[in-house]
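Q: Next come a sequence and a model predicted from it.
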Amino acid sequence: MTVPNQLTILRILLTPIFVVLFISERLIFKQVSVLVFAVAALTDWYDGWVARKFGTVSRWGIFLDPLADKILTSAAFIAFAWLGLVEWWMVWVIVVRDISITLLRSFAELRGRTLHTNFSAKVKTFAQMVFIYAILLAIVLKNSLPGLLPIFNVVLDRSVVYYSMLVITILTFGTGVQYIIGNYRILYSSLRAVRGEAEEASGSSASVEGGPNLLDKIIATGLGTGLSPFAPGTVGSLLAFLIYFIPGFHETFIMLPAILIFFAWGTLAADRMEKAYGHD
């Protein structure tokens with residue numbers, strides 16, 4: 001594994017550490033979480049620089065590097081919502097948009113097609129990072145720097161946070177729509193090519209009695225993460241990490257039945273998939 005890819009993996013591994021430290025009630029842990037987030041964010045710049053300088057750009061990196069970026073920022077927004085600083089619905093709009101667009105872009109690039117990113121998307125990313133760092137620093141430094149307390153109080157004012165987050169949510173959603181419209185032809189042709197390949201591959205399995213239906217395929221592939229061209233297990237684990245933070249899902253009376261149902265259904269679905277497509 002190349003150094004840039006190692007740094008990308010490190011960024012992903014640092015993400016849950018940051019979340020656990022930040023949502024802790026102890027101030028020292030929150031302070032350390034900012035350092036962890038800063039180091040993780042720094043690896044984003046450094047792995048790209050190393051990959052370009054030494055010519056170690058890989059298909060793995062093309063797919064995983066932008067995804068790792070969105071996982072880190074999404075985790076920060078989820079942590080803010082967990083502490084009641086921002087609204088959950090805003091967070092999920094941002095998370096779903098960022099990760100889905102990133103997966104689409106990585107998918108297209110893996111097939112040799114370059115999607116165009118406009119200036120508004122860069123403004124969106126800049127606004128998100130400014131917001132995240134402002135909240136992080138205000139929370140961890142408000143008790144350490146009393147001279148700046150009035151500024152921190154303004155940053156953490158509920159109205160300021162709410163409307164700042166609302167603007168970022170609207171900007172994020174809007175740039176996502178703009179991105180899809182601007183790259184519609186490229187995305188459509190890429191997806192159409194994959195669909196043709198999938199239909200050709202599954203043509204011989206269509207006659208298998210009791211073959212898998214669409215829901216079986218979704219469950220057996222871990223909500224589609226198993227179809228990822230690279231690191232499907234890692235992508236699936238990250239999806240599970242994000243699902244855990246859905247409000248209420250971490251409650252035992254919800255999570256335990258869900259795990260049992262999906263385990264039983266997944267076992268049956270995997271068996272039907274293996275009969276239809278062969279052993280992996």
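A: Sure thing, it's come through. All of these numbers come straight from a predicted model, not from anything done at the bench.

Q: rest of the way, CA atoms for contacts and neighbours
A: Noted.

Q: and residue 146, how many neighbours does it have?
A: Other residues within reach of residue 146 by the criterion other Cα atoms under 10 Å amount to 11.

Q: Check what contacts stretch 140-154 and list those residues.
A: For stretch 140-154, the external contacting residues (Cα atoms under 8 Å, 6 or more residues apart in numbering) are 27, 30-31, 34, 138-139, 160.

Q: Where does residue 133 fall, secondary structure wise?
A: Taking DSSP states H and E as the criterion, residue 133 maps to helix 119-141.

Q: Can you list the buried residues in that helix?
A: When burial is assessed from 16 or more other Cα atoms under 10 Å, helix 119-141 yields the following buried residues: 120-121, 124-125, 127-128, 131-132, 135-136, 138-141.

Q: Then stretch 95-114?
A: Taking 16+ other Cα under 10 Å as the basis for neighbour counts, the residues of stretch 95-114 that come out buried are 95, 97-99, 101-110.

Q: which residues of the stretch 1-150 of the chain score low on pLDDT?
A: Filtered on pLDDT under 70, the stretch 1-150 of the chain yields the residue ranges 1, 48-49, 51, 54-63, 110-112, 114-116.

Q: thinking again about what came up before, out of the buried residues of stretch 95-114, the closest to residue 52 would be?
A: Proximity of those to residue 52, judged by Cα to Cα, is greatest for residue 109, which lies at 16.5 Å.

Q: mind listing the helices in this protein by residue range?
A: With DSSP state H as the definition, the chain shows helices at residue ranges 3-22, 27-54, 59-82, 88-110, 119-141, 149-155, 158-182, 184-202, 214-220, 232-244, 252-277.

Q: The buried residues of helix 119-141 into TSV, with extra columns for distance to residue 178?
A: As requested, those are arranged in TSV below (distance: Cα to Cα, whole Å):
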residue	distance to residue 178
120	9
121	9
124	12
125	15
127	17
128	18
131	22
132	24
135	28
136	30
138	33
139	34
140	36
141	37
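
Q: So which of these is the closest to residue 180?
A: Within the set of the buried residues of helix 119-141, residue 121 lies nearest residue 180; the separation is 11.8 Å, counting by Cα to Cα.

Q: For that closest one, give me its contacts.
A: By Cα under 8 Å, 6+ apart, the contact set of residue 121 is 172, 175.
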